[in-house]
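> coords please:
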Amino acid sequence: MEFINSLLYATGLSGFFASRAFLPAFAAAFAMKYGHLVPWLGKIEFVQKMSDAPTWFTHPAVVWSLGALALAEMLAERSPEIRELLDEGLVYAKTGLSAATSYGLLSAADAEVVGDLVSQAGFWDSIPAAISGGLTFFLTMTRNGVVGILSEADEDDSLGMRKFISWCEEIWATFGVWVLLAIPAAVVLLNGVVFGVLYLIRKRHEGKMEAARIECPKCQTKIHCFATACLNCDTPNENPVALGCLGGMLEEKQSDPTAQKVRLIELKRSPKSGEKVKGRGADIVCKEDGVAIFGDKAVNEQYFKTVDARLPKVLIVSAALGLVPLLGLIAGVIYYRIQLVAPYRRYLPWSKGFVTKWLVRLLLLVLALLQLVPVAGAVAVPLMALINHWMYRGAFRSGLKKQALI
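Predicted coordinates for the structure are as follows:
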């Protein structure tokens, strides 16, 4: 029975490490070392027996080092640029920390809870930790796949979905670990349901994108239905499928090849093959087809004209939304970010994007407060949109000028 509990703890931990590397480890170590001092935690039988258990995992230096790393990880999550690197670069770190935390948790339990069953089992006491590590790797890839879908649609998180999910993950990665210590079976079941749904979402999206590919009429290469040309033989796609502002495929076709290229660039896709591109700056190149994203000066100029043409409508909509206290402000900010800011911000280098972002935030703080005054919001929100557009457009255009791309 105790060995089954060990497997439940290890399996449950993998669900938390799929979203964060250091926070679940800190939550587990803190609960084992200091949980008896916290009213709710102190009532958990597992925690009561762990408070005096001698183990490397509960050494104060280990506990607070994990705490410092967890805090740094939470701060890093607030930056879209760093968050993107974390999602891709911490897969193996999460796997290792999950296995180490499971082993640390059970090594303390070995003497106080599990008794002779595990302590006499030799290498068998490493099985739960190995399961935790392996399962964490799989769940992390599943989670990253779904997060990647959100990033494709809204890379700069203009809708705030990634930020909301981030807060939820951090709360669950902290308190969920403590709930796991009290009722492991329930947490494992809940994690199974959540990650099962995420897995189905990921597979459905992958299947949908694959089913939407078409054959090049000349070389039969499978290409995106929204591509402007074949990535293999350069044969033009005469009737590419039009794309929405968040990347969704529409029912109609796009007859204007320049407009389609502008939309693909706006969605951070190659203007030729439609493949996703990574990186920032004016000189990025698609790895799949070798096309420079901003290699065509005529398309670059049309890019600015397309976004500029949205400004009058955005200002009118923002003024109307600004009349609604608070909720109107939130909706207005999301709207103008998607329409005016995202096309530029997603390409700005990290250093320039960081400076521009904080300059804009300082200028907009006063305007956001004005929105609370009746009627003033009708002026404040459009002004916020105008300032955002002007600053991000200027920063992006200067980058293209330095590369002689406009």
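> Show me which positions of stretch 244-263 end up buried.
The neighbour-count check on stretch 244-263 (16 or more other C-beta atoms under 10 Å) flags 245, 247, 254, 257-258, 260-263 as buried. C-betas here are computed from N, CA, C, even on glycine.
> And stretch 222-238, by the same measure?
223-231, 237.
> if we can go back for a sec, now, among the buried residues of stretch 244-263, which is nearest to Gln48?
Gly247 (51.4 Å; C-beta to C-beta).
> from memory that closest one sits against Lys268, does it?
No. If you go by C-beta atoms under 8 Å, Gly247 and Lys268 don't touch, sitting 9.1 Å apart.
> In the stretch 251-400 of the chain, where is pLDDT below threshold?
Within the stretch 251-400 of the chain, the segments meeting pLDDT under 70 span 351-377.
> Among the buried residues of stretch 222-238, which ones are in strands?
Among those, the members found in strands (DSSP state E) are Ile223.
> which strands and helices sit next to the helix or strand hosting Tyr34?
According to DSSP states H and E, Tyr34 maps onto helix 23-34. Counting contacts by 3 or more C-beta pairs under 8 Å, 6 or more residues apart in numbering; DSSP states H and E, helix 23-34 packs against helix 2-17, helix 45-50, helix 60-76, helix 91-109, helix 161-182.
> out of these, nearest to Gly196?
Checking the helices and strands packed on helix 23-34 against Gly196 by C-beta to C-beta gives helix 2-17 as the closest, at 11.1 Å.
> Quick check: mean pLDDT of that closest one?
Helix 2-17 shows a mean pLDDT of 78.
> Give the buried residues for that helix.
So, applying 16+ other C-beta under 10 Å, buried residues of helix 2-17: 3, 5-17.
> ok, now stretch 319-332?
319-322, 324, 328-329, 331-332.
> in the stretch 101-250 of the chain, which segments are predicted with low confidence?
In the stretch 101-250 of the chain, residues with pLDDT under 70: 105-126, 158.
> repeat that with 50
Residue ranges of the stretch 101-250 of the chain with pLDDT under 50: 110-123.
> residue ranges of the helices in it, please?
If DSSP state H, counting those that start in this stretch is used as the criterion, the helices of the stretch 101-250 of the chain fall at 116-119, 127-153, 161-182, 184-211.
> The last one - contacts with which helices or strands?
Secondary-structure packing of helix 184-211 (3+ C-beta pairs under 8 Å, 6+ apart): helix 2-17, helix 127-153, helix 161-182.
> Show me where the stretch 201-350 of the chain has its strands.
Here the stretch 201-350 of the chain has its strands, by DSSP state E, counting those that start in this stretch, at 214-215, 222-223, 241-243, 249-253.
> Now distance to Ser98 too, for these, in a markdown table please.
A markdown table is the format used below for the strands of the stretch 201-350 of the chain (distance: least, C-beta to C-beta, whole Å):
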| stretch | distance to Ser98 |
| --- | --- |
| strand 214-215 | 41 |
| strand 222-223 | 37 |
| strand 241-243 | 38 |
| strand 249-253 | 37 |
